[in-house]
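Participant: the following block contains a protein sequence and its predicted model.
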Amino acid sequence: MKKGSWIWIILLIFVLLAGCAAIPVREVVKVNLSLPVGKVEGSQFTGRRYPFKITAPPVWRIATEYPKFMVKLGYEKEGLEESELFVFNPDSQSNLQIDFTPADRYSTFDQKTIESLTTAATGSLEEELQKEYGRDIQIEIGPTEPYSLKGVPFAAKKYVTYTWKAVKREQGWIYAFVEPYQIFILYMILEKDETNDRQDIKAILNSFEVLSQESK
């Protein structure tokens, strides 16, 4: 639930599980933080600080600052401030957030490593949910699966489901790598009547694309 205390643990586990080259495999990645995150035009966002674009379905909104309701849902404010982009349904409060993080000079990636790290976040999330809602909360864990994102060679997805205050929630995360960036996509679906949030989240992820330098 709290990004700073669970999803980022995979960055620490990465040191143990990821491949490390004897010599640098990339130059130091310099991110120009003075650039705006990107530009929202209607229902589409195009990044400037990081090379990606995404489109929101009708009713959904795109913002570079976190919606305040996400703190009330249990997200940690400091963790939210680390993300570049938020896509959310203001009516149902289902939401998705995106964060890019440059890889270090020596780390190497493949699909197996990505899937291992995606799985590794599960235990920490379970602990956070039990701390937030009590040890008796029933949590169902979905499988770790490869995931396809446009312009991204390695990605995996995992999710958990649970019910709180009579509302079923699906909380999922996608961990991905495209040179030279690690990508974290977190989402939450609140299953409320008369919403198509599950299909909408799928459409949002289908629209996500990392842009090549030539297309920027």
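Facilitator: Alright, I've got the coordinates.

Participant: looking at this, Glu128 is in a helix?
Facilitator: Yes. Counting by DSSP: H, G, I helix; E, B strand; the rest coil, Glu128 falls inside a helix.

Participant: so what's the residue sitting nearest the centre point of the chain closest to, chain neighbours aside?
Facilitator: Taking Cα atoms, centre = their mean, the centroid of the chain lies closest to Ile185, which sits 1.3 Å from it. Nearest residue to Ile185 in three dimensions, chain neighbours excluded: Ile174, at 4.1 Å (Cβ to Cβ, 6 or more residues apart in numbering). From N, CA and C alone the C-beta is placed, and that goes for glycine too.

Participant: list the residues that contact that neighbour.
Facilitator: Contact analysis of Ile174 by Cβ atoms under 8 Å, 6 or more residues apart in numbering lists Thr118, Tyr147, Leu149, Ala155, Ala156, Lys157, Ile183, Phe184, Ile185, Leu186, Leu205.

Participant: sheet-wise, list the partners of the helix or strand hosting the fifth one with their directions.
Facilitator: Spelled out, it's Ala156. In this structure, Ala156 is located in strand 154-164 according to DSSP states H and E. Looking at strand 154-164 with DSSP bridges, its partner strands are strand 140-141 (antiparallel), strand 145-146 (antiparallel), strand 167-178 (antiparallel).

Participant: coming back round to it: what comes up buried for the host helix or strand of the residue nearest to the centre of the chain?
Facilitator: In the assignment (DSSP H and E), Ile185 maps to strand 181-191. Neighbour-count burial for strand 181-191, counted by 16 or more other Cβ atoms under 10 Å, picks out Tyr181, Gln182, Ile183, Phe184, Ile185, Leu186, Tyr187, Met188, Ile189, Leu190.

Participant: ok, how many other residues are close to the closest residue to the third one other than its chain neighbours?
Facilitator: Yep, that's Ile183 we're talking about. Nearest residue to Ile183 in three dimensions, chain neighbours excluded: Ala176, at 4.2 Å (Cβ to Cβ, 6+ apart). Counted with other Cβ atoms under 10 Å, residues neighbouring Ala176 total 25.

Participant: how much space between Ala176 and Thr101?
Facilitator: Taking Cβ to Cβ, to the nearest Å as the measure, Ala176 and Thr101 are separated by 11 Å.

Participant: so what sits against both of those two?
Facilitator: Counting by Cβ under 8 Å, 6+ apart, the common neighbours of Ala176 and Thr101 are Gln182, Ile183.

Participant: hmm, back to that, now do the buried residues in the strand holding Ala156.
Facilitator: Phe154, Ala155, Ala156, Lys157, Lys158, Tyr159, Val160, Thr161, Tyr162.

Participant: rewinding a little: what packs against the strand holding Ile185?
Facilitator: strand 95-102, strand 167-178, helix 197-207 (3 or more Cβ pairs under 8 Å, 6 or more residues apart in numbering; DSSP states H and E).

Participant: the longest one: which residues count as buried?
Facilitator: Meaning strand 167-178. So for strand 167-178, counting by 16+ other Cβ under 10 Å, buried means Arg169, Glu170, Gln171, Gly172, Trp173, Ile174, Tyr175, Ala176, Phe177, Val178.

Participant: distance between the ends of stretch 57-70?
Facilitator: Counting by Cα to Cα, to the nearest Å, you get 19 Å between the two ends of stretch 57-70.

Participant: residues contacting it, please?
Facilitator: 36-38, 40, 43-45, 54, 56, 75, 77, 80-81, 83-91, 93, 95, 97, 200, 203-204.
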